[in-house]
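Asks: Predicted model and sequence below, questions to follow.
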Amino acid sequence: MPRDSADRVSSRTQASLESPESGKKARTQARIIAAATTFFTERGYEHTSVASIAERAGVSPGTVFWHFGDKATLFQEVCKRFMVPFVEEMVESIEQFEGRERLFQLLANYEQFVSEHRHTIETFVRWFLESPSLRDALHGQLIGLHDAFGREIRRAVEAVVDDRVRAAAIAAGLVSTLDGNLLLSLVDTDPLAEKRRSEGLLAMATLAVGQ
């Protein structure tokens with residue numbers, strides 16, 4: 001996992017360390033998560049050992065296993081702390097928007113998230129495609145995140161389209177286009193092509209829900 005996600009997780013880890021209500025267990029887990037994030041970022045999953053994570057965190061390998069069970073579960077927790085806040089932060093950022101404006105803000109937030117975390121997303125996609133074990137570890141979280149975002153898109157469309165069946169179809173089409181744009185952006189990094197894809201998405205949304 002690249003540096004942008006490591007910084008993101010590390011900041012939350014530090015906050016948990018400073019929280020007055022956090023106990024010894026929370027502090028130990030925070031150190032393990034911070035160490036694991038660093039090694040997964042720098043070495044990847046396959047080349048990171050529980051022993052190296054434990055040494056960096058200042059605990060025994062047995063302590064790591066006691067808190068997280070195995071390396072795959074620890075990896076899931078690291079990914080969760082990166083991915084899950086996305087939907088939470090996204091929803092908070094659009095609370096003041098209604099109807100059509102809310103939909104377009106959601107689309108803009110998604111594209112901004114992809115732009116800011118492109119390297120991390122590339123890593124997730126590579127891991128997902130190359131490693132069956134990581135695919136199993138990431139599948140539930142990625143699909144959950146995708147479905148949560150899709151529900152927000154659908155709610156925004158339903159606010160401006162009276163027909164719920166049509167609204168669901170429009171939302172599914174927009175999310176599919178976002179997915180396609182994301183995958184294309186990983187293999188076609190031409191800024192002009194990316195701009196055209198973004199403009200095409202906005203044109204589709206405008207045609208679907210009106211001016």
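Replies: Here it is on my side, so go on.

Asks: what's the spacing between stretch 193-211 and its chain's center?
Replies: 23 Å (C-alpha atoms, centre = their mean, to the nearest Å).

Asks: if we look at that stretch, which residues are touching it?
Replies: 100, 103-104, 107, 111, 157, 160-161, 170, 173-174, 177-178, 181, 184-185, 188 (C-beta atoms under 8 Å, 6 or more residues apart in numbering). The C-beta positions use only the backbone N, C-alpha and C, and glycine is treated the same way.

Asks: for V160, helix, strand, or coil?
Replies: coil (DSSP: H, G, I helix; E, B strand; the rest coil).

Asks: Can you name the element that comes right after the helix or strand of the chain with the lowest mean pLDDT?
Replies: In the chain, no helix or strand scores lower on mean pLDDT, DSSP states H and E than helix 3-18, which sits at a mean of 50. Moving toward the C-terminus from helix 3-18, the next helix or strand (DSSP states H and E) is helix 24-43.

Asks: So which elements touch the next helix or strand after that following helix?
Replies: Counting by DSSP H and E, the next helix or strand C-terminal to helix 24-43 is helix 50-57. The elements that helix 50-57 packs onto, with contact taken as 3 or more C-beta pairs under 8 Å, 6 or more residues apart in numbering; DSSP states H and E, are helix 24-43, helix 61-68, helix 71-93.

Asks: The shortest one to helix 24-43, inter-axis angle?
Replies: The directions of helix 61-68 and helix 24-43 differ by 100 degrees, with axes from the mean of the first three to the mean of the last three C-alpha atoms, to 10 degrees as the criterion.

Asks: Give me the nearest residue to the residue nearest the centre of the chain, chain neighbours excluded.
Replies: For the chain, M83 is the residue whose C-alpha lies nearest the centre (C-alpha atoms, centre = their mean; 3.0 Å). Computed as C-beta to C-beta, 6 or more residues apart in numbering, the closest residue to M83 that is not its neighbour in sequence is L145, at 5.2 Å.

Asks: Where does the one you found fall, secondary structure wise?
Replies: Here L145 is assigned to helix 132-158, by DSSP H and E.

Asks: got the angle for that helix vs helix 71-93?
Replies: Using the same axes, to 10 degrees: helix 132-158 against helix 71-93 is 10 degrees.

Asks: Past helix 132-158, which element shows up next along the chain?
Replies: helix 164-187.

Asks: Low-confidence ranges, the chain, go.
Replies: 1-22, 82, 84-87, 127, 130, 211 (pLDDT under 70).
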